[in-house]
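Trainee: pasting the sequence and the predicted coordinates here, then a few questions.
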Amino acid sequence: MGLTSNDWSEIELWRPDATGQLILTDKISARSYYEHSFFTDGIAILELERPVQKIKPLKIRTSPLLKGERLKSLGFFGKKAHFAEGRFLFQESVAKGNRSNFALFEMRNREDIAALDYGSSGAPLLDWRGNVVAIATISMSYSQKSADGEEMPSSAPRGEGTNKGVPLSVLRDFKLVDIGKD
């Protein structure tokens, strides 16, 4: 994105219409407020120069997810929105070096293909009540095992992939500080 903590840069805000096509709704100045790397993924929190009109913020869930719990998400491919449903698989904690917690999700769209892919990074993963539980970071399409030996689903010919996300509980563990202040 190329944002820095000192300089404001213009970003575009898009929303899907009823058919899933993306519509430019606003342009606003933003700068990087907070950045952190998780395992092989990173997350950035942006500071907006002014409030965004007519946008209702999503609520954040504070309770843990249950294995198999149903989830939903919205990803963007090109200029079209794609909706997905799925389930929470498990959360893993890796305590080596710069590695931190991550969670695995299995998400599919109506055509039963892996729904979170290119363009979905940063998308919220929601519980069935619409509360944010994680932020999508990567889609995996290969078979592997977790640290505790649990088999993670692998891609099938129809694209049944596993998606990785940063759970919001991980973000709560980091202290956000004002830019330019100690």
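Mentor: Received the coordinates, thanks. Residues are numbered from 1 along each chain as shown.
Trainee: every contact and neighbour count from this point should use C-alpha atoms.
Mentor: Fine.
Trainee: pLDDT averaged over stretch 132-151, what's the number?
Mentor: Here stretch 132-151 scores 59 as its mean pLDDT.
Trainee: now stretch 73-81
Mentor: 69.
Trainee: which outside residues touch stretch 17-30?
Mentor: Counting by CA atoms under 8 Å, 6 or more residues apart in numbering, stretch 17-30 makes contact with 3, 8-16, 46-50, 79-82, all of which sit outside it.
Trainee: buried ones among those residues?
Mentor: Burial by neighbour count, 16 or more other CA atoms under 10 Å: within those this picks out Leu3, Trp8, Ser9, Arg15, Pro16, Leu46, Glu47, Leu48, Lys80, Ala81, His82.
Trainee: where's the dip in pLDDT among those?
Mentor: Leu3 (66).
Trainee: where does the protein dip in pLDDT?
Mentor: 1-4, 36-43, 75-79, 90-120, 138-182 (pLDDT under 70).
Trainee: just the buried residues of the longest strand that it contains, please?
Mentor: When the chain is parsed with DSSP state E, its longest strand is strand 22-38. Residues of strand 22-38 classed as buried by neighbour count (16+ other CA under 10 Å): Leu22, Ala30, Arg31, Ser32, Tyr33, Tyr34, Phe38.
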